[in-house]
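Participant: attaching a predicted model along with its sequence, questions to come.
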Amino acid sequence: MPESRATWSPTSWHDRPVVQQPDWPDAGALEQSLKHIASMPPLVFAGEARSLQTELAHVAAGNAFLLQAGDCAESFEEFSADNIREKLRVILQMAVVLTYSVGVPIVKVGRIAGQFAKPRSSPTEMVGELELPSFRGHIVNDANPSEAARIPNPDRLVQAYHQSASTLNLLRAFTKGGFADLSRVHAWTQEFVASSPEGERYEQVAAEIERALTFMRACGIDTESNPNLSQVDVFTSHEALILGYEEALTRQDSLTGGWFDCSAHMLWIGERTRDLDGAHVEFLRGVGNPIGCKIGPTTNAEFVLELCEVLNPSRIPGRLTLITRMGADKIEDGLRPLLRAVADAGHPVVWACDPMHGNTYATANGRKTRHFDDVVAEIGGFVRAHRAERTWPGGIHVELTGENVTECLGGGDDLVDTDLDDRYETVCDPRLNARQSVDLAFRVAELLRDFT
Ligand code: TRP
Ligand code: MN
């Protein structure tokens, strides 16, 4: 273990090997952007990150379930009130189905208001005959296939900050201002969902909730006077990839003196940056936010235990979420030894299942996709592994959108290869559409039935 691990500061990651950072062509312009962001108000407050950690502690203890969901990558172009509202709608629908069917609180965390940066497997990519610098997300460059569009531009860091601020503002307005009121449970269904089998199933749950609310109103408890029924907390999260940006938003909490990365409530480390001696682990180990780490199919128990020691040496419940993404065929056998090792060591982690990233493949015409059945199958294997090891399958981490896109195959519409051309709009990985997402919530609820 490197000696410098004893002393952490928001800049201590500078001394560590760092991967996946853009090649900013103009160091002066980069510094200016980062200085500007460092002078701006934080996006979230440390106290909010602490309450998310408290909620995640309930998940770690097996008394709540985590729903983390949103875009693969947010877009500067597809940025609108409608887009944010539709995404929130689906998340609320999924949350209400899960709350009603599983019967435990659902901790809602969006991949939203900051999920802009993408790690890439190669610094360049071929577009036809052209070799171009890879697209790294709108916080860095543009996806257009031209040399000029792919040059990293630090003005984008500032734009990402501002887009995150307005997204968060609207989320706060919607979640606290009446949109999330349980009496509106029917209103969250979009027309294209309502007419489908998943939609009808949803309408049944909604009708039962409405009856329960009517009963409670008759008993003297109404949604107007009970914020628990009329409001939700939707927390924000993203992959902490561009460390200069994260450092610029890292602030000292006036209440406790601790450091918090105030770009989001929760941050995670990706599969490609989880080097124990690398810069990303070094940076995140020192911030007080709840943090996550992706766990791919090559991970062994020894690594996971070291990761737990480095990121959560004080064993604070809710501090660390391990997000597995192994692939539908590998998860059950791959996960069991990890569950056992972590349980034996007494580390209080949240286990969440990312059923998307281990199941991506290219169709014959070269489009990246995922099949709904593989997504469900990975969650099935995840739940079976937990059942066998007597641990709690704490949550799911999914890529979705509220729009009626055609990016993932299967699901209620039984989308096939040739449908992908209709509405394939993602700037990065294929996302579940609104129908597939509601369907998934029901499948997860079924998998968790009678869980002991
Ligand atoms: N506040 C509770 C919760 O967040 C109940 C609730 C209100 C709710 N509106 C909701 C749950 C919308 C799910 C979806 O769990
Ligand atoms: Mn993705």
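Facilitator: Done, it's in. Residues are numbered from 1 along each chain as shown. Ligands and ions are numbered 1, 2, ... in the order given.
Participant: how about the contacts made by the residue of the stretch 251-400 of the chain found nearest ligand 1?
Facilitator: Using CB to the nearest ligand atom, the closest approach of the stretch 251-400 of the chain to ligand 1 is made by Gly395 at 14.0 Å. For glycine as for every other residue, the C-beta is placed from the backbone atoms N, C-alpha and C. Applying CB atoms under 8 Å, 6 or more residues apart in numbering, we find Gly395 in contact with 59, 65-68, 107, 321, 350-353.
Participant: rerun that using 7 Å as the cut-off
Facilitator: If a contact means CB atoms under 7 Å, 6 or more residues apart in numbering, then Gly395 has 59, 65-68, 350, 352 as its contacts.
Participant: what about those residues, which are in helices?
Facilitator: Under the assignment DSSP state H, those contribute Val59 to helices.
Participant: ok, what's across the strand from the residue of the stretch 251-400 of the chain closest to ligand 1?
Facilitator: Counting by DSSP bridges, Gly395 forms beta bridges with Leu66, Ala352.
Participant: which residue is the nearest non-sequential neighbour of the closest residue to ligand 2 within the stretch 301-450 of the chain?
Facilitator: Going by CB to the ion, ligand 2 is nearest to Asp429 of the stretch 301-450 of the chain, at 3.5 Å. In this structure, Asp429 finds its nearest non-sequential neighbour in Cys72, 3.8 Å apart by CB to CB, 6 or more residues apart in numbering.
Participant: hang on, Ser230 packs against Thr223?
Facilitator: Yes. Counting by CB atoms under 7 Å, Ser230 does reach Thr223; the two are 4.7 Å apart.
Participant: which neighbours do the two have in common?
Facilitator: Common neighbours of Ser230 and Thr223, counting by CB under 7 Å, 6+ apart, are Asp181.
Participant: and stretch 159-171, how far out from the chain middle?
Facilitator: The chain centre lies 16 Å from the centre of stretch 159-171; the measure is CA atoms, centre = their mean, to the nearest Å.
Participant: where does the stretch 351-452 of the chain come near ligand 2, residue by residue?
Facilitator: Within the stretch 351-452 of the chain, the residues that sit near ligand 2 (CB under 5 Å from the ion) are Asp429.
Participant: the strands in the stretch 351-452 of the chain, which residues?
Facilitator: 361-362, 368-369, 395-399 (DSSP state E, counting those that start in this stretch).
Participant: show me where the stretch 1-150 of the chain has strands.
Facilitator: Going by DSSP E, counting those that start in this stretch, the stretch 1-150 of the chain shows strands at 65-70, 106-111, 124-127, 130-133.
Participant: of all these, which one is nearest ligand 1?
Facilitator: The closest of the strands of the stretch 1-150 of the chain to ligand 1 is strand 106-111. By CB to the nearest ligand atom, the value is 5.8 Å.
Participant: from the chain's centroid, how far away is that closest one?
Facilitator: Relative to its chain's centre, strand 106-111 lies at 8 Å (CA atoms, centre = their mean).
Participant: equivalent analysis for stretch 314-325, please.
Facilitator: Computed by CA atoms, centre = their mean, the chain-centroid distance of stretch 314-325 equals 14 Å.
Participant: contact partners of that stretch?
Facilitator: Under CB under 7 Å, 6+ apart, the answer for stretch 314-325 is 53-54, 56-57, 60-61, 268, 271, 290-296, 304, 308, 311-312, 331, 335, 346-354, 357-358, 382, 397.
Participant: do the same with stretch 248-263
Facilitator: For stretch 248-263, using CB under 7 Å, 6+ apart, the contacting residues are 10, 34, 37-38, 42-44, 46, 49, 114, 240, 245-246, 267, 286-289.
Participant: same check on stretch 379-394?
Facilitator: Stretch 379-394 is contacted from outside by 59-60, 62, 65-66, 324, 328, 331-332, 335-336, 339-340, 343, 350-353, 355, 396, 444, 447-448, using CB under 7 Å, 6+ apart.
Participant: out of these, which end up buried?
Facilitator: 59-60, 65-66, 324, 328, 331-332, 335-336, 339-340, 350-353, 355, 396, 444, 447-448 (16 or more other CB atoms under 10 Å).
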